[in-house]
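[1] pasting the sequence and the predicted coordinates here, then a few questions.
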Amino acid sequence: MEKHTPFKELVVLCQNLESTPKKREKTQFIQEFLHRLKAVEISPSVLLILGMVFPDTDARALNVSESTIRKVVSRLQRKTRHPKPLNILEVHNTFCEIATTSGRGARQKREELLESLFLCVTRVEAEYLVRIIFGEMRLGVAKGVMIQAVAQVGGVSLKLAQRASMFIGDIGELARIAVTRGKEGLSEIGLQLFQPIEPMLAELAKGFDTLCTQPRAFEQVFAEHGGKTVLEYKYDGARVQIHKQSDKVAIFSRQLSDVTESLPEIVNLTKEMVKADEAILDGEVVAFGEGGKPLPFQDLMRRFSRVHHIDRVMKEVPIKLHLFDLMYLDGKSLIDAPYEQRWSLLAETCGRACLADQIITDNPSEAESFLNQAMELGHEGLMAKSLQSDYAPGARGKKWFKIKPAETLDVVITAGEWGHGRRQGWLSNYHLAVRDSESDQYWMIGKTFKGLTDGEFIEMTQQLQTLKISEDPGTVYVKPKIVVEVAYNEIQKSPHYKSGFALRFARITNIRHDMNPQQVDTIGRLQQLYAKQFERKAKAKWS
């Protein structure tokens, strides 16, 4: 019988990765480990190192809660443990079995499978099993580091490995190809129908933090794009990637999950309007209500989480499709073509009925007028795209800008969570709260780790530790003393917070040294701002 690599060897690797802060050493450790593995072990090992069981394109999930782990551990304390060597494939296959267990008695079966794992491992190995289950490896190895290791293993440039990773959508499979087929295998990886790729991303343009913008705020955008830019409405919707081949259509979400069954009208629309046998399209789905105004993003999400009673949900949450890019057309990849060409082909292929609203301009006043028009219609703002920009899957840069004016709130920090990866050692995910003027208590409205520089993270960590009230694993609770200004995209209803509200995409724009906690915004103002949103947006009938 073929002997497979023991799980304990993967644990030793994880310990070595955790012990060094140097990326070069981390990639060397990974490279040496991958070369020792059998081909069938490579993909599962890479995923486990990253705290994953399945690649991003796989919709399966473990769905194991902390309470389940506590229950299993409690049972183990009453049993005699007999650790025996488990191999990497046995661990991965057991996790796969847990994820696919369903139906009557599924909970008990999952617990029994977990128990069978924990009975066979040492305490150190058990610790790493728990980290994998919750995706919290804390090794300082993000996907970027793993791709560097893959490049070294395959003997290719980092650029080629990154490009291959964008297309394949499965970093474990990427590593297997690098080890077994090297440069030849990685070079052959390209855009494929029904294999979703990560969407191209945009950098946030500076100078648009408030709703009161000036034409000069567009200067950065025009300068970066050679004096002229494409401006498109930035819709408050959900990104979708549509793949079509003849009458077969598949729709993928921003997270590369297959959401085809949730959006049957988009499937039918694609078949009707796309005048090509093969195409890969990029766009945004927006929910709309009375008067054609967009519904809040939170309401749209009801469509993406439903596959049952879809006819009823289609009536409750009608949607529109806005297309803005074409990456593949009748056997030819277009990602290296300039945006201007891709847009022209998109219009020819789909007609203009579903295309994003767009202008091309070099005039700041015209740009500001177009922005105000988008905001009045209830959209988030604008996208600015260079006419010459290629389509860079998963990449964020200045070829595309997000222009998102936002309201701001002054809030107080009530806790901080210890960061991971690059933010390891910093309190960097802050609990944000507003004041209840009647009880003089602070009610949480969300969290954020965005907006601060590394130096500010360090200083904030030091300040919060001096204000500590209590602590539990991962979180430090503090006296409400530090006030910050946060920008946000939207206020949503939330059952998770006592306030009843949550900020979507909150980011710190300023540390308010000039304010004390009694001066922060109140729950009353939050309620007013929530109601104000519906001056431009539609309100769902069930709200």
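    All right, it came through fine.
[2] next structured bit after the worst-scoring helix or strand of the chain on mean pLDDT?
    When each helix and strand of the chain is scored by mean pLDDT, DSSP states H and E, helix 297-304 comes last, with a mean of 81. Later in the chain than helix 297-304, the nearest helix or strand by DSSP states H and E is helix 310-316.
[3] circling back: so which elements touch the least confident helix or strand of the chain?
    Counting contacts by 3 or more CB pairs under 8 Å, 6 or more residues apart in numbering; DSSP states H and E, helix 297-304 is packed against strand 238-245, strand 278-287, helix 310-316, strand 490-493. Glycine gets a C-beta too; all of them are placed from N, C-alpha and C.
[4] please enumerate the helices of the stretch 301-450 of the chain.
    310-316, 339-350, 364-376 (DSSP state H, counting those that start in this stretch).
[5] CA atoms only: put stretch 493-508 into PDB for me.
    Output in PDB follows, covering the C-alpha atoms of stretch 493-508 (Å, rounded to 0.1, in the frame of the first residue of the first chain):
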ATOM      1  CA  LYS A 493     -31.100  47.200   9.700                       C
ATOM      2  CA  SER A 494     -29.300  44.600  11.900                       C
ATOM      3  CA  PRO A 495     -30.600  42.100  14.400                       C
ATOM      4  CA  HIS A 496     -27.100  41.500  15.600                       C
ATOM      5  CA  TYR A 497     -26.600  44.800  17.400                       C
ATOM      6  CA  LYS A 498     -28.600  46.300  20.200                       C
ATOM      7  CA  SER A 499     -28.800  49.500  18.200                       C
ATOM      8  CA  GLY A 500     -30.700  47.700  15.500                       C
ATOM      9  CA  PHE A 501     -28.400  49.100  12.800                       C
ATOM     10  CA  ALA A 502     -25.100  48.300  11.100                       C
ATOM     11  CA  LEU A 503     -22.800  50.400   8.900                       C
ATOM     12  CA  ARG A 504     -21.900  48.900   5.600                       C
ATOM     13  CA  PHE A 505     -18.300  49.300   4.500                       C
ATOM     14  CA  ALA A 506     -17.300  51.600   7.400                       C
ATOM     15  CA  ARG A 507     -13.800  53.100   7.200                       C
ATOM     16  CA  ILE A 508     -12.000  55.500   9.500                       C
END
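[6] so for it, mean pLDDT?
    Stretch 493-508 shows a mean pLDDT of 87.
[7] show me what it is in contact with.
    Stretch 493-508 is contacted from outside by 297-298, 409, 430, 432-434, 443-448, 450-452, 484-492, 523, 526-527, 530, 543, using CB atoms under 8 Å, 6 or more residues apart in numbering.
[8] show me which of those are buried.
    297-298, 409, 430, 432-434, 443-448, 450-452, 484-492, 523, 526, 530 (16 or more other CB atoms under 10 Å).
[9] so which of the residues you listed belong to strands?
    409, 430, 432-434, 443-448, 484-488, 490-492 (DSSP state E).
[10] any stretches of the protein with poor pLDDT?
    1-2, 80-83, 209-215, 306, 540-543 (pLDDT under 70).
[11] show me it divided up by domain.
    7-187, 201-403, 407-535 (automatic domain parsing).
[12] turn those into TSV, including distance to residue 193.
    Formatted as TSV, the domains of the chain follow (distance: least, CB to CB, whole Å):
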stretch	distance to residue 193
domain 7-187	12
domain 201-403	5
domain 407-535	32
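[13] out of these, which is closest to residue 195?
    The closest of the domains of the chain to residue 195 is domain 7-187. By CB to CB, the value is 6.3 Å.
[14] so residue 477 lies in a strand, does it not?
    Yes - assessed with DSSP: H, G, I helix; E, B strand; the rest coil, residue 477 lies in a strand.
[15] for it, give me its contacts.
    Neighbouring residues of residue 477 by CB under 8 Å, 6+ apart: 414-415, 468-471.
[16] which among the residues you listed end up buried?
    In those, burial by neighbour count holds for 414-415, counting by 16+ other CB under 10 Å.
[17] for the contacts of residue 477, which one is nearest residue 6?
    Residue 6 lies nearest to residue 471 out of the contacts of residue 477, by CB to CB, at 36.2 Å.
[18] bridged to the nearest residue to the closest one once chain neighbours are set aside, which residues?
    Closest residue in space to residue 471, ignoring its immediate chain neighbours: residue 477 at 6.8 Å, by CB to CB, 6 or more residues apart in numbering. Assessed by DSSP bridges, residue 477 has beta-bridge partners residue 415, residue 470.
[19] count of residues packed around residue 480?
    Number of residues near residue 480 (other CB atoms under 10 Å) recorded here: 22.
[20] wait, is it part of a strand?
    No - using three-state DSSP, the assignment for residue 480 is coil, not a strand.
[21] next one: phi and psi at it?
    With angles defined as degrees, to the nearest 10, residue 480 sits at phi -70, psi 90.
[22] swap in residue 438?
    phi -80, psi -50.
[23] against residue 386, how distant is it?
    In this view, residue 438 and residue 386 are 51 Å apart by CB to CB, to the nearest Å.
[24] what do you get for residue 185?
    Distance, residue 185 to residue 386, using CB to CB: 33 Å.
[25] which one's more surrounded, those two?
    For the pair residue 185 and residue 386, the greater number of neighbours falls to residue 386 (21 against 17), based on other CB under 10 Å.
[26] neighbours around the nearest residue to that one once chain neighbours are set aside, how many?
    Nearest non-adjacent residue to residue 386, counting by CB to CB, 6+ apart: residue 225, 4.4 Å away. Number of residues near residue 225 (other CB under 10 Å) recorded here: 21.
[27] what about dumping the CA coordinates of stretch 34-46 to PDB?
    Extracted as PDB, the C-alpha positions of stretch 34-46 are listed here (Å, rounded to 0.1, in the frame of the first residue of the first chain):
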ATOM      1  CA  LEU A  34       5.600  20.700  -1.700                       C
ATOM      2  CA  HIS A  35       8.500  18.900  -3.400                       C
ATOM      3  CA  ARG A  36       8.200  16.100  -0.700                       C
ATOM      4  CA  LEU A  37       4.500  15.500  -1.300                       C
ATOM      5  CA  LYS A  38       2.900  13.000  -3.700                       C
ATOM      6  CA  ALA A  39       0.900  14.700  -6.500                       C
ATOM      7  CA  VAL A  40      -2.500  13.700  -4.900                       C
ATOM      8  CA  GLU A  41      -1.500  15.400  -1.600                       C
ATOM      9  CA  ILE A  42      -0.400  18.800  -3.000                       C
ATOM     10  CA  SER A  43      -3.800  20.500  -3.500                       C
ATOM     11  CA  PRO A  44      -5.300  19.400  -0.100                       C
ATOM     12  CA  SER A  45      -2.100  20.400   1.700                       C
ATOM     13  CA  VAL A  46      -2.000  23.900   0.200                       C
END
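[28] correct me if wrong: residue 354 contacts residue 322.
    Yes - applying CB atoms under 8 Å, one finds residue 354 in contact with residue 322, separated by 6.4 Å.
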